[in-house]
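1. no sequence on this one, just coordinates:
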Ligand code: URP
Ligand code: ZN
Ligand code: ZN
C-alpha cells in the first residue's frame, strides 16, 4: 500500500519546510502541500521533523577482533541502528593476506544477507598490495559495487600495513574511482610504547590511552594526507579524535586536497578520564584511537561546524563488559577495542549538537546522512528527501527527553558507554524503502529485509 505522510517538517541538508510526502513502493513519489491520494495509508507527522534516514559509514558487525567477536551481528546491530534513526550502514569487510578478496566479500554477504533489517554495504579492507590484489580489485569496484577501501596504519602484526601498501592503494583508488579510508595512528611507535608500559607493570586501562598519544594520530594523519596528495587521490580519515589530527586534515584541505574526516559521538562527549574508572570499568571506554583530554571535544565540534570534518560515524564495534572487555584484566593490550554506539549516534549528535546550539539542523542532516551518501556513492538514492529517492525516512520528535541506558537499548552488548546521559529528541518511527522498521517506537521490521547496496564510484564533494 502507498503511504502519505502528512504535516511533518521536512528537513534536508539544505531545506526546511512543512509538507506531505507520498511514498509509492520503495520510493518517494511526490512532495507537496495538501497532497491527497486515495488508497494510501495516511501517517500524521504533525509536530515531528522528517529527516532522511541516517547513514552510518563506519560499523563493525559480527567481526572477529581482539581474540573475540563483536557482540552485535547484522541482526541486532541493524535493528538497534534502526531504533536510532539509521537506515543504511556501511560495514568493514575484513580480508586476509593470500585469500582472494571475493572470498572475503562472500563471507561478509553470508553474515549480513539473512539478518540485516535495513540496507547495507561494505568497505573492503586492504591487507596487502600485490599483483593478485591489483588484478582482483577492478572487479570489486565494477561488479561488487564496493568503491571504498580501508587501510589500517595501526594494530601492528594484526591489520597494520606499511606505507607502500597505503600509497599503492591511493594510486589504485585514483585510477579506478574509489575512496581510501585510513585508521591513522602510528602503529610502530604504539607497539614500542605498549611493550615499554607492560615491561614496567603498567597494565591498567588508562595505559591504553597513554601509549597512544595524540601526536601519533596527528603524525599518521599528516603522513596519509601527504601520500594522498602525492598520489592525487582521495582520502577519508576515520574516527578523528584530537586537535593534532584535525590540524592535519584542515591543512590538507587548505592545500586543495580531497581529504575528508569523520569523528564519532564518543569523542565529542567522553574524555580520557573515563579510562581511569575503578574496578576495571575503564575498559568499557577503550577505543583506538583512545578518548582524549577534554579540550579536544571543543576542537572537534568547531571542526564539524566549520566543515573541516564532514561526517559522523559510530565505529560500532561492541563487546560485552563481562567476558569480553574482561579479557584485558591485568593487560590493557588484551582489552578488545570498541563499543556499542550504533543506536545513539543520531540522537547524541542531535541533542549535543543541534539542541545545544553547536551545529545547525542542516549540518546535522549533512553529517549523519547526506554527506555520507555523497562520499560513498549512494546519493541521491540515499541521503536526502527528494522525488525518486528511496523512501528512507526518520520521523523524529524533538521534544522527547530520555536517558540512555543498557536496560533499554537494543544493542546486544551488556553496557552502554553513555549510561545515564539525557538526550533530547528521539526517532519515533523509521521507514526503510517505504516500509516501517520502527513504528511508534516498536520494532516492526524483518531480519533479511535489508538490501545490499552496490555503490557508485567516488565523486568529489
Ligand atoms: O576501537 C575501535 N575503534 N575499534 C574498532 C576497530 C577500529 O579501529 O575502527
Ligand atoms: Zn580504526
Ligand atoms: Zn572502526
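-> Alright, I've got the coordinates. Since we're looking at a predicted model, the values are computed, not measured. Numbering: from 1, shown residues only. Ligands and ions are numbered 1, 2, ... in the order given.

2. rest of the way, CA atoms for contacts and neighbours
-> Fine.

3. who in this structure is up against ligand 1?
-> 287, 288, 315, 317, 337, 338 (Cα under 6 Å from any ligand atom).

4. and the fifth one, how many neighbours?
-> As a burial measure, the neighbour count of residue 337 was computed by other Cα atoms under 10 Å and equals 23.

5. got it, and the last one?
-> Using other Cα under 10 Å, residue 338 has 24 other residues around it.

6. so it makes contact with residue 321?
-> No - in this structure, residue 338 is not within contact of residue 321 by Cα atoms under 8 Å, at 11.0 Å.

7. skipping its backbone neighbours, what lies nearest residue 71 in space?
-> With sequence-adjacent residues excluded and distances taken as Cα to Cα, 6 or more residues apart in numbering, residue 71 is closest to residue 319, at 5.0 Å.

8. secondary structure element holding the one you found?
-> Under the criterion of DSSP states H and E, residue 319 resides outside all helices and strands.

9. what separation do you get for it and ligand 1?
-> 10 Å (Cα to the nearest ligand atom, to the nearest Å).

10. neighbours around residue 34, how many?
-> Residue 34: 11 neighbours (other Cα under 10 Å).

11. and for residue 150?
-> For residue 150, the count of nearby residues is 24 (other Cα under 10 Å).

12. in its sheet, what does the helix or strand harbouring it sit against?
-> Per DSSP H and E, residue 150 falls inside strand 148-152. Strand 148-152 pairs in its sheet with strand 119-125 (parallel), strand 179-183 (parallel), by DSSP bridges.

13. list of residues touching that strand?
-> Residues external to strand 148-152 that are found in contact with it (Cα atoms under 8 Å, 6 or more residues apart in numbering): 92, 123-127, 159-161, 166, 178-184, 376.

14. now with 6 Å, please.
-> Applying Cα atoms under 6 Å, 6 or more residues apart in numbering, the external contacts of strand 148-152 come out as 123, 124, 125, 126, 159, 160, 178, 179, 180, 181, 182, 183.

15. how about these in a markdown table, adding neighbour count?
-> Formatted as a markdown table, the contacts of strand 148-152 follow (neighbours: other Cα atoms under 10 Å):
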| residue | neighbour count |
| --- | --- |
| 123 | 24 |
| 124 | 25 |
| 125 | 22 |
| 126 | 26 |
| 159 | 19 |
| 160 | 21 |
| 178 | 27 |
| 179 | 31 |
| 180 | 31 |
| 181 | 27 |
| 182 | 24 |
| 183 | 24 |
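
16. can you redo those as CSV with distance to residue 449?
-> Below are the contacts of strand 148-152 laid out as CSV (distance: Cα to Cα, whole Å):
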residue, distance to residue 449
123, 20
124, 23
125, 25
126, 29
159, 32
160, 35
178, 27
179, 28
180, 29
181, 28
182, 31
183, 31
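
17. any weak-confidence spans in the stretch 151-300 of the chain?
-> In the prediction, the stretch 151-300 of the chain carries no residues with pLDDT under 70.

18. of all residues in it, which one is closest to ligand 1?
-> Going by Cα to the nearest ligand atom, ligand 1 is nearest to residue 287 of the stretch 151-300 of the chain, at 3.4 Å.

19. Three-state assignment for residue 193, please.
-> Assigned with DSSP: H, G, I helix; E, B strand; the rest coil, residue 193 falls in the helix class.

20. what number of residues lie near the spatially closest residue to it that is not a sequence neighbour?
-> Nearest residue to residue 193, sequence neighbours excluded (Cα to Cα, 6+ apart): residue 211, at 5.3 Å. Residues near residue 211, counting by other Cα under 10 Å, number 19.

21. what's near enough to touch residue 211?
-> Taking Cα under 6 Å, 6+ apart as the criterion, residue 211 is in contact with 190, 193, 194.

22. can you put those in TSV and add distance to residue 359 and neighbour count?
-> Listed next are those as TSV, based on distance: Cα to Cα, whole Å; neighbours: other Cα atoms under 10 Å:
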residue	distance to residue 359	neighbour count
190	34	20
193	37	18
194	37	21
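
23. so what's the residue count around residue 343?
-> 24.

24. with ligand 1 as the reference, measure out to it.
-> As for residue 343, its distance to ligand 1 is 16 Å (criterion: Cα to the nearest ligand atom).

25. so that residue makes contact with residue 80?
-> Yes - look at residue 343 against residue 80 with Cα atoms under 6 Å: they come within range, at 5.1 Å.

26. need the residues of the chain next to ligand 1 in TSV (columns: secondary structure and distance to residue 395).
-> Below are these laid out as TSV (DSSP: H, G, I helix; E, B strand; the rest coil; distance: Cα to Cα, whole Å):
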residue	secondary structure	distance to residue 395
287	coil	31
288	coil	33
315	coil	24
317	coil	26
337	coil	33
338	coil	29
